[in-house]
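Enquirer: Predicted coordinates and the sequence they were generated for:
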Amino acid sequence: MLGVVAGLGWLALDSTRYTTYEVHTREPVSGLIVDAPVEFHGVEVGKVARIELKDAASVRILLQIKSDAPVTAATVATITSRGLASKGFTGYVYVSLEDDASAAPVLADADGSRYRQIRTAPSRSVNMDMAISQVNENVQSMTRLLQASLDEKTVTSIKQSLESLQKLTAVMAANSEKMNTIVANAERASKRLEPLLKSGNETALALRTQTLPEAYKALANLDRASSALISNADRATTRLEPLLESSNEAAVTLQTQLLPQAYEAVAKLDRLAASLNGVTSKIEQDPSVLARGSGKRAPGPGETR
């Protein structure tokens, strides 16, 4: 009797230390067993009390969690597998509780259930076999990508590029002495260029400090001279206007009076020259005209006319 009473007392005390919560999930719970640990932010706060199939697509899990654990409406349950495998001595599955930092009122009893419900998140696996499987998938994807990229044409092009690179390396090795000579000549040329650069700098300095100011002065003087010339030309143009008017009047007088008279005199001189030419021709043919005149004369001895 004393043992029975002690057991009942222990059960009553244990029931006050733990609170039962309910979790519903549609994720597969392979590897999760009764008495699997329940952790809150990495600290064990309870265990799995029962696992049962609710319907064809969901699973009901009862969790016994310490009453002082800070489980609120912001708490989310995640079924997590850890270790080298999903289950067995190399790994285990547990329920992880985390707070999603949202509003956190105290959990209320769910409708139609005697236990308070905790929201669930998608299952998470951090075991070695899942990592190896993911690595295997990545390697296969990389292999397919390499096979698609490194076709026969690409491999041939790479080989040709390598052969060309080898030839270029051989040519450079064979001409290394010439390249060294070119570098040495370039160094000597650069040393010879220093005096030229120095003289060029001096010339530029002299041009900037002496030639350019003188050129500016000459341009300024030329500008003033051109301004004076323009003003003098304006004054000369003003003075030339009366002269131009008188020239126009003289041209009109010359055109209307002198030119007709000159044309008439030239015509008379032309007629006079023509008559003189006729007289000269007659005198050349018959010089006696000068003594006898141009009239008819009696025929001489032996002449019929």
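Expert: Good, I have the coordinates. Numbers count the residues shown, from 1 in each chain.
Enquirer: Please verify my assumption that E22 contacts L62.
Expert: Yes. Contact criterion Cβ atoms under 8 Å: E22 and L62 qualify, at 6.0 Å. (Glycine included, C-beta is placed from N, CA and C.)
Enquirer: Where does the prediction get shaky in the protein?
Expert: 4-16, 83-91, 101-113, 126-131, 236-237, 240, 243, 287-305 (pLDDT under 70).
Enquirer: quick one, strands of it?
Expert: Taking DSSP state E, the strands of the chain run over residues 18-25, 37-40, 43-53, 59-66, 75-83, 91-99, 116-117, 119-120, 124-127.
Enquirer: of all those strands, which lies closest to I158?
Expert: Among the strands of the chain, strand 124-127 comes nearest to I158, with 40.3 Å by Cβ to Cβ.
Enquirer: any idea how far the most centrally placed residue in the chain lies from K159?
Expert: Nearest to the geometric centre of the chain sits S149, at 29.2 Å (Cα atoms, centre = their mean). Remark: distance between S149 and K159 (Cβ to Cβ, to the nearest Å) = 15 Å.
Enquirer: Repeat that for Y18.
Expert: 72 Å.
Enquirer: again with D223
Expert: Counting by Cβ to Cβ, the separation of D223 from K159 is 74 Å.
Enquirer: top helix in the protein by residue count?
Expert: For the chain, the helix that runs over the most residues, judged by DSSP state H, is helix 212-253.
Enquirer: Domain-wise, how is this protein divided?
Expert: The chain breaks down into these domains under automatic domain parsing: 19-126, 134-173.
Enquirer: Need the distance between the two termini of the shortest one.
Expert: Criterion Cα to Cα, to the nearest Å; first-to-last residue distance in domain 134-173 is 48 Å.
Enquirer: oh, and call the first residue 25 from now on, that's how I've got it
Expert: Yes, from this point I'll number from 25; that puts the last item at domain 158-197.
Enquirer: List the buried residues for it?
Expert: Within domain 158-197, no residue is scored as buried using 16 or more other Cβ atoms under 10 Å.
Enquirer: So what's the gap between it and the chain middle?
Expert: Put simply, domain 158-197 sits 31 Å off its chain's centre (Cα atoms, centre = their mean, to the nearest Å).
Enquirer: Also the longest one?
Expert: Its chain's average C-alpha position is 55 Å from that of domain 43-150, according to Cα atoms, centre = their mean.
Enquirer: Next, give phi and psi for T96.
Expert: phi -130, psi -170 (degrees, to the nearest 10).
Enquirer: Count the neighbours of it for me.
Expert: Using other Cβ atoms under 10 Å, T96 has 14 other residues around it.
Enquirer: My guess is it contacts D123. True?
Expert: Yes. T96 is within contact range of D123, at 7.3 Å (criterion: Cβ under 8 Å).
Enquirer: what pairs with P61 across the strands?
Expert: Judged by DSSP bridges, the bridge partners of P61 are K71.
Enquirer: What separation do you get for it and L246?
Expert: Per Cβ to Cβ, P61 is found 103 Å from L246.
Enquirer: Compare neighbour counts for the two and give me the winner.
Expert: P61 (14 against 10).
Enquirer: quick one on the thing from earlier: off-centre distance for the longest helix of the chain?
Expert: Computed by Cα atoms, centre = their mean, the chain-centroid distance of helix 236-277 equals 58 Å.
Enquirer: Next: stretch 233-245.
Expert: Centroid separation for stretch 233-245 versus its chain: 45 Å, with Cα atoms, centre = their mean.
Enquirer: go on, stretch 230-238?
Expert: Relative to its chain's centre, stretch 230-238 lies at 43 Å (Cα atoms, centre = their mean).
Enquirer: contacting residues for D59?
Expert: D59 makes contact with K71, V72, according to Cβ atoms under 8 Å, 6 or more residues apart in numbering.
Enquirer: Can you pull the phi/psi pair for it?
Expert: Residue torsions, per degrees, to the nearest 10, at D59 are phi 70, psi 10.
Enquirer: any idea how far it lies from S105?
Expert: Distance, D59 to S105, using Cβ to Cβ: 16 Å.
Enquirer: now D123
Expert: 21 Å.
Enquirer: Repeat that for E122.
Expert: 16 Å.
Enquirer: Same question for G66.
Expert: Taking Cβ to Cβ as the criterion, G66 is separated from S105 by 15 Å.
Enquirer: Looking at these two, which one has more neighbours?
Expert: Set G66 next to S105 and count neighbours by other Cβ under 10 Å: S105 wins out with 22 against 8.
Enquirer: Nearest spatial neighbour of R50, chain-adjacent residues omitted?
Expert: Take R50 and drop its neighbours on the chain: the residue closest to it by Cβ to Cβ, 6 or more residues apart in numbering is S82, 5.1 Å away.
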